[in-house]
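Enquirer: Fold the stuff below for me.
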Amino acid sequence: MPTSNAVSTDSNITKQKDELVRGGSLHWIHWAVIIISLALTVGAWQFSKRQLEQKLEERFDSEAQQLVEMVRERMGLYEEALWGSVAFIKASDDSVSADQWQRYAGSLEIDQSYPGINGIGVISHLTKKQLAAYLQQQRQQRPGFKVHPPHDQSEHWPITYIEPLSGNQQAVGLDMAFEANRYSGIKKARDTGLAQLTGPIVLVQDAKKTPGFLLYAPFYQGQQRPTELGDRRTRIIGTTYAPFIMYKLMDGTLSKYKRNVSVEITDTSDLLYSDAERDALEGSVIDPRPLYSTVLDAGLYGRTWRFAIAANLNFRQQAGRSPPYLILVGGIILDALLLTLFVLLSKANRKALTYADEVTQELQVKAQHLEKSNEDLERFAYIASHDLQSPLSAIQKIVGWIEEDCGSVLPDTSKEHLALLTGRCDRMTDLLNGLLEYSRVGKMKDEIEVVQLKAVAQDIFAYLDKPEGFALTVNDRQLSVPRVPFEFVIRNLLSNAIKHHDKHSGKIEIGCREAGPFYHIRIRDDGPGIPPDLHHKAFEIFQTLKPKDEVEGAGIGLAIVQRIVDHYRGALSIDSDGRNGTCVDIKWPIPSDMA
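Expert: Residues are numbered from 1 along each chain as shown. Next up, the predicted model:
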């Protein structure tokens, strides 16, 4: 190759070595990687932390809304039961007996169908004048029935029936007008015609005296609910109602729901229910420092219940805040490992450079010895082939003299022997010329010249010894190549295509294209081809694919072509199936200033 390329290669090697030496210690780029990695770790931690907190907050909001909706849905279920009771009363012509109500209430299966409700009953509306007749009627069925307690209101709202009677006996005959919340709630139900709640009360049947409330559903004379307020007040018959103890309502509503939130419910300023109070009895799950809390107001049947909801210990346990911290800790560990890796690589790099210097020195010595050995071998090949030319020429002359002097008297067998000797001398001459050419590879004139592929190939083809029936087709292209070695390659490949053809006529095609940094040259013939299992042998020195007596040449031509192409950093390959001709592909480098 050109000397300038060798100098350039040495310069690149020195430059790369200097870069490796500089890489033997930690540089700003390493610290930059560490800092960026730390920044990404912290960023990922903060991002995942925010994402987790957002998901937890959304989950908490969902559970808080779910709790309120469950209470609202359960109250809706109780309201339907009361309106169903109104329908039963209206179907009985606005009058039912104690036995009828007992059977009806029993059919509802309150304990199973309406968990949390304390009972279901009927409240009658009476004026002062109607009270005596009402008492007489009720005492006919239930001696000892009375309306209690006494009060100063102008009307009465006594509880006529309540089922189940067990546990609710004290409520029978209780007049709703005796207490403000009960009375205002039932009047509001009467005036609106809608189901209404009372404010917080204590049920007379609740021995624990815990907060509770009543839910009323009014019914009137006639089949249709009056549209005017005055009519509703004059035509009111009574209400169905359900009493509730608040903690029983909550237990019934949320009995199958494992809550991750705690709740406190108030009506205005009155406490209705608190998980904290219930929690003290059942084992604490209240979180003293809840992760999240909220306040939701729910309008329920004329009242506004305020739900103060907070995440409990179950929520904290299930939330598990470890993933973001695992990201942070894991990132820091990875950064530490990365720094350790940089340090170890730097040390290993320095050791490798030291070892490489030692090996390089040994290789330089070996390279010098190898170079000297190659030079000696090439010199020997040159001298041997050159010096053998003289005695070989002398042998050829002596054979010629013998044929001239004794040709007429020699027997046919001797003549055949002399012809065989002449052939062997010619083959030996070809072999020696081949050795000379093989030893000269790399010493040829290799200045880059611009040549026309078609002109070069046709000139070579014209001077080759070939039958008249051979034709050459060339795809013309201008190439920048070292002329002498390039022509040698083309000559040998064309000569081989002709020499190894099995007919007296044939076609040879040469094509060329540029692809990347190479000229791709393809020489195709229509000869017998080379079997695939012999492709590798075709380029070996002194190898022929037929017996040497059946083919011209010493088996060195393709070996020289291979060596020339390798010398110029190209590539050579054969494509043939052994039946339909041979295609030789050459990748010849395009000069760097032309690529």
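Enquirer: what pLDDT does the most far-flung residue of the chain relative to its centre get?
Expert: Largest separation from the mean C-alpha position in the chain: residue 409, at 95.2 Å (CA atoms, centre = their mean). pLDDT for residue 409: 72.
Enquirer: And the one 10 residues further on, by the same measure?
Expert: Reading off the confidence values, residue 419 has pLDDT 70.
Enquirer: which SSE is it in?
Expert: helix 412-440 (DSSP states H and E).
Enquirer: and the residue farthest from the centre of the chain, helix, strand or coil?
Expert: Assigned by DSSP: H, G, I helix; E, B strand; the rest coil, the conformation of residue 409 is coil.
Enquirer: so how far is residue 401 from it?
Expert: 14 Å (CB to CB, to the nearest Å). In this view, the C-beta of every residue, glycine as well, is placed from N, C-alpha and C.
Enquirer: again with residue 123
Expert: Residue 123 is 155 Å from residue 401, by CB to CB.
Enquirer: Look at the two and report which has more neighbours.
Expert: residue 123 (25 against 10; other CB atoms under 10 Å).
Enquirer: Thought residue 241 was touching that one, still the case?
Expert: Yes: counting by CB atoms under 8 Å, residue 241 is a contact partner of residue 123 at 5.3 Å.
Enquirer: Which neighbours do the two have in common?
Expert: Jointly contacting residue 123 and residue 241 under the rule CB atoms under 8 Å, 6 or more residues apart in numbering are 159, 216.
Enquirer: What is the neighbour count of residue 458?
Expert: 14.
Enquirer: Pretty sure it sits against residue 472.
Expert: Yes: here residue 458 reaches residue 472: they are 6.6 Å apart, a contact under CB under 8 Å.
Enquirer: one step back: let me see the contact set for the residue farthest from the centre of the chain.
Expert: No contacts exist for residue 409 under CB under 8 Å, 6+ apart.
Enquirer: Same check on residue 338?
Expert: Going by CB under 8 Å, 6+ apart, residue 338 touches 33, 34, 37.
Enquirer: Skipping its backbone neighbours, what lies nearest the first one in space?
Expert: By the measure of CB to CB, 6 or more residues apart in numbering, the closest residue to residue 33 outside its immediate chain neighbours is residue 338, 7.1 Å from it.
Enquirer: doesn't that neighbour fall inside a helix?
Expert: Yes: using three-state DSSP, the secondary structure at residue 338 is a helix.
Enquirer: Can you check what pLDDT the model gives it?
Expert: 73.
Enquirer: how close does it sit to residue 241?
Expert: Separation of residue 338 from residue 241 (CB to CB) stands at 74 Å.
Enquirer: got it, and residue 135?
Expert: Applying CB to CB, the value for residue 135 to residue 241 is 20 Å.
Enquirer: Next: residue 476.
Expert: 111 Å.
Enquirer: the more surrounded of those two?
Expert: Remark: of residue 476 and residue 241, residue 241 carries more neighbours, 28 against 12, as counted by other CB under 10 Å.
Enquirer: Tell me if I'm right that that one and residue 122 touch.
Expert: Yes: assessed by CB under 8 Å, residue 241 is found in contact with residue 122 at 7.5 Å.
Enquirer: Mind listing the shared neighbours of these two?
Expert: Common contacts of residue 241 and residue 122 (CB under 8 Å, 6+ apart): residue 159.
Enquirer: In contact with residue 77, which residues?
Expert: residue 114.
Enquirer: next one: phi and psi at it?
Expert: phi -60, psi -40 (degrees, to the nearest 10).
Enquirer: Quick check: nearest residue in space to residue 127, chain neighbours excluded?
Expert: residue 155 (5.8 Å).
Enquirer: And that neighbour, how close does it get to residue 176?
Expert: 10 Å.
Enquirer: And these two? Which one has more around it.
Expert: Ranked by neighbour count (other CB under 10 Å), residue 155 and residue 176 place residue 176 first, with 26 against 18.
Enquirer: looking at it, the more buried one is touching residue 123, isn't it?
Expert: Yes: look at residue 176 against residue 123 with CB under 8 Å: they come within range, at 6.2 Å.
Enquirer: anything in contact with each of these two?
Expert: Shared contacts of residue 176 and residue 123 (CB under 8 Å, 6+ apart): 157, 158, 159, 186.
Enquirer: which residues does the second one contact?
Expert: Spelled out, it's residue 158. Applying CB under 8 Å, 6+ apart, the residues near residue 158 are 123, 124, 126, 134, 147, 173, 174, 175, 176.
Enquirer: That one bridge partners, please.
Expert: residue 175 (DSSP bridges).
Enquirer: quick one: buried residues of stretch 300-314?
Expert: Within stretch 300-314, the residues scored as buried using 16 or more other CB atoms under 10 Å are 300, 301, 302, 303, 305, 307, 308, 309, 310, 311, 312, 313.
Enquirer: ok, now how distant is the fifth one from residue 272?
Expert: By that I understand residue 305. Applying CB to CB to residue 305 and residue 272 gives a distance of 7 Å.
Enquirer: Name the residues contacting each of those two.
Expert: 265, 266.
Enquirer: which residues does residue 60 contact?
Expert: Residue 60 neighbours (CB under 8 Å, 6+ apart): 260, 261, 291, 292, 294, 311, 315.
Enquirer: Of all pairs in those residues, which one is the farthest apart?
Expert: Based on CB to CB, the longest span within the contacts of residue 60 runs between 260 and 294 and measures 13.5 Å.
Enquirer: Between these two, which is the more surrounded one?
Expert: Using other CB under 10 Å, the more surrounded residue of residue 260 and residue 294 is residue 260, with 21 against 15.
Enquirer: where's the more buried one relative to residue 292, distance?
Expert: With distances taken as CB to CB, residue 260 is found 10 Å from residue 292.
Enquirer: which residues do the two both contact?
Expert: Joint contacts of residue 260 and residue 292 (CB under 8 Å, 6+ apart) are 60, 311, 315.
Enquirer: what's the lowest-pLDDT member of those?
Expert: When the shared contacts of residue 260 and residue 292 are compared, the smallest pLDDT is that of residue 315, 89.
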